[in-house]
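A.B. asks: can you look at this prediction? I've put the sequence above it.
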Amino acid sequence: MSRSIDWQALLAAARAARAHAHAPYSRFAVGAAVLAADGRIYAGCNVENASYGLSMCAERNALAAAIAAGARSLRAVAVIAPGPPVATPCGACRQVLAELAPRAAVLCASLDGRRLRTSVSSLLPRAFGRRSLATR
Ligand code: THU
């Protein structure tokens with residue numbers, strides 16, 4: 001049986017990363033944390049740029065940290081951002097989540113205490129992915 005997810009710890013890691021967000025343009029600071037199968041947690045925050053389109057979301061930065069550390073099986077993701085409404089991952093992050101954490105459970109939280117529990121597969125049903133490329 002797989003261990004239950006410590007959402008409180010995961011959300012605390014996301015919140016701590018959010019404190020380091022570099023968001024001088026949007027002033028919308030986001031933190032994210034991913035839980036690997038071995039219990040380790042990897043966090044990220046959004047990192048904006050004066051060339052706006054280069055800005056990176058918290059979720060993708062957390063995923064990159066996990067991958068760079070060698071984590072592969074990712075079980076859960078927590079995201080915290082201002083609200084209401086509770087912010088959910090953007091389309092680009094959903095696509096990357098579908099690639100790297102397809103079976104992950106997701107908790108979206110707003111600073112005012114609202115919570116939304118969902119999953120990567122619910123956020124991006126019928127995702128384009130590796131299998132779509134198999135018919136070349
Ligand atoms: N942002 C995230 O980090 N994650 C999301 O899921 C939505 C948006 C960031 C990107 C940008 O730095 C700021 O929030 C406003 O869009």
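C.D. replies: On my side now, so go ahead.

A.B. asks: quick check, pLDDT for Ala12.
C.D. replies: In this model, Ala12 is scored at 98, pLDDT.

A.B. asks: assign the residue nearest the centre of the chain to helix, strand or coil.
C.D. replies: In the chain, the centroid-proximal residue (Cα atoms, centre = their mean) is Glu59; its distance is 3.2 Å. Classification of Glu59 by DSSP: H, G, I helix; E, B strand; the rest coil places it in helix.

A.B. asks: neighbours of Leu10, how many?
C.D. replies: 23 (other Cβ atoms under 10 Å). Where C-beta positions appear, they are placed from N, C-alpha and C, glycine not excepted.

A.B. asks: please enumerate the helices of the protein.
C.D. replies: Applying DSSP state H to the chain gives helices spanning 7-18, 58-68, 91-100, 120-123.

A.B. asks: just give the nearest non-adjacent residue to Ser26, would you?
C.D. replies: Glu48 (6.5 Å; Cβ to Cβ, 6 or more residues apart in numbering).

A.B. asks: tell me the contacts of that neighbour?
C.D. replies: Glu48 is in contact with 22-26, 55-56, counting by Cβ atoms under 8 Å, 6 or more residues apart in numbering.

A.B. asks: what stretches of the protein score poorly on pLDDT?
C.D. replies: The chain contains residues with pLDDT under 70 at 1.

A.B. asks: up against the ligand, what does it have?
C.D. replies: Contact residues (Cβ under 6 Å from any ligand atom) of the chain with the ligand: 23, 26, 28, 30, 46, 48, 55, 57-59, 87, 89-90, 93.
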